[in-house]
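Trainee: attaching a predicted model along with its sequence, questions to come.
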Amino acid sequence: ALETALAQGRAVADAVWFARDLVNEPPSLLTPRAMAERVEAELAGRPGVSVEVWDEKRIAAEGLGGVLGVARGSAEPPRLLRLRYCPEGRGPAGLPHLAFVGKGITFDSGGLSLKTPAGMITMKTDMSGAAAVVAAVAALSTVQPAVQVTALAPLTENMPGGAAQKPGDVLRARNGKTIEVLNTDAEGRLILADALSLAVEAGAEAIVDLATLTGACVVALGNRIAGLFSNDDALADGVRRAAASAGEALWPLPLPEEYKAHIESEVADMKNVGKDGQAGAIAAALLLANFVGEVPWVHLDIAGPARSDEERGLLAKGATGFGVRTLCAWAEAVGAAGQLPG
């Protein structure tokens, strides 16, 4: 039992380091294509795990309008990672089906809504959510919880090239809903819209997404605590318990019905920003809620804790790998129970 526990602990620790290494890589080296290749190499041959990479042609054919819109300004083509985990030697029948979704902006200039020079310094970390979900799947190949997992990570740069999307453009996401783009620096929610739609189509019984999504969440909770939004109290409680057991701090934030008016658009189903200076993290989460339907869902805004400016406890300066331990602990808890709560 001790040997098994040590092996599982080492696997999770190695996965955290893999996520940190991905995030810390210089952005001109870790392009969407390079990240997809790194993940394929890292997960090759792992028991119970398969990796599928969609190139720009497949992304277009599948109607991922959010990913395509964000990618337009970059010379680097986008990718989408679709990972699957199922315990080795066992089929998916009867196993709870979980989805992990991670934001993968490998560098965020803000697009035509250009960030300040200071604001771009840490923007190689804007794929921390994607790094966390692929690293968690790597750990599950050793931990082998009794669940099936679909992990989705859309990967692209957000650049201000000549073909870049413009404020006022309207994108059509995978599920057919339209989004008016008023700020091209609110791009993470656009690519997540497509990935969340795919998670629903895959038949996931519960979805957790991780994204360095808003500076507003950092203002609210600082750089040590992630914001948690959910449409399902039982799922939210389960993820919070998993995070507490893993030593990662989450704090719940609301999804008030009346704030949906903040993202109403005159020309599309929604717009990609809310009211200036008001509830920015909530507006982003409310947009994402349009793409999960009735599926229980948790959104973790990890903009604060994804990166550390100082050495502290388990953390070195730079990427933290936040979320890997929580996802692994949650998958283990669900597998041990044999079902989702609620």
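Mentor: Everything's here; your move.

Trainee: mind listing the helices for the protein?
Mentor: 2-24, 32-43, 56-61, 65-71, 117-120, 128-143, 188-201, 215-221, 233-246, 280-289, 324-337 (DSSP state H).

Trainee: so which of these is the most packed in?
Mentor: Highest mean neighbour count of these: helix 128-143, a mean of 29 (counted as mean count of other C-beta atoms under 10 Å). Backbone N, C-alpha and C define where each C-beta goes, glycine included.

Trainee: for that one, give the mean pLDDT please.
Mentor: Mean pLDDT, computed over helix 128-143, is 98.

Trainee: give me the neighbour count for residue 112.
Mentor: As a burial measure, residue 112 scores 19 neighbours (other C-beta atoms under 10 Å).

Trainee: wait, it touches residue 166, no?
Mentor: Yes: Residue 112 lies in contact with residue 166 (C-beta atoms under 8 Å); the separation is 6.1 Å.

Trainee: shared neighbours, those two?
Mentor: When contacts are counted by C-beta atoms under 8 Å, 6 or more residues apart in numbering, residue 112 and residue 166 are jointly contacted by residue 184.

Trainee: rewinding a little: closest one to residue 155 among the helices of the chain?
Mentor: Checking the helices of the chain against residue 155 by C-beta to C-beta gives helix 32-43 as the closest, at 3.8 Å.

Trainee: next one: the closest one to chain centre, how far?
Mentor: 16 Å (C-alpha atoms, centre = their mean, to the nearest Å).

Trainee: just want the angle from that helix to helix 2-24.
Mentor: With axes from the mean of the first three to the mean of the last three C-alpha atoms, to 10 degrees defining the directions, helix 32-43 sits at 170 degrees from helix 2-24.

Trainee: now helix 32-43 - C-alpha only, PDB.
Mentor: Below are the C-alpha coordinates for helix 32-43, written out as PDB (Å, rounded to 0.1, in the frame of the first residue of the first chain):
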ATOM      1  CA  PRO A  32       0.700  25.900 -30.300                       C
ATOM      2  CA  ARG A  33       2.300  23.300 -32.600                       C
ATOM      3  CA  ALA A  34       5.300  22.900 -30.300                       C
ATOM      4  CA  MET A  35       3.100  22.400 -27.300                       C
ATOM      5  CA  ALA A  36       1.000  19.800 -29.100                       C
ATOM      6  CA  GLU A  37       4.200  17.900 -30.000                       C
ATOM      7  CA  ARG A  38       5.500  18.100 -26.400                       C
ATOM      8  CA  VAL A  39       2.300  16.700 -25.000                       C
ATOM      9  CA  GLU A  40       2.100  13.900 -27.600                       C
ATOM     10  CA  ALA A  41       5.700  12.900 -26.700                       C
ATOM     11  CA  GLU A  42       5.100  13.100 -22.900                       C
ATOM     12  CA  LEU A  43       1.900  11.000 -23.000                       C
END
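
Trainee: that helix - contacts with which helices or strands?
Mentor: Contacts defined by 3 or more C-beta pairs under 8 Å, 6 or more residues apart in numbering; DSSP states H and E place helix 32-43 against helix 2-24, strand 49-54, strand 79-85, strand 104-108, helix 128-143, strand 148-158.

Trainee: now the ones you listed as TSV including distance to residue 277?
Mentor: Output for these, formatted as TSV (distance: least, C-beta to C-beta, whole Å):
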stretch	distance to residue 277
helix 2-24	29
strand 49-54	37
strand 79-85	33
strand 104-108	21
helix 128-143	25
strand 148-158	22
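
Trainee: of those, which is nearest residue 94?
Mentor: Closest of the helices and strands packed on helix 32-43 to residue 94 is strand 148-158, at 9.6 Å (criterion: C-beta to C-beta).
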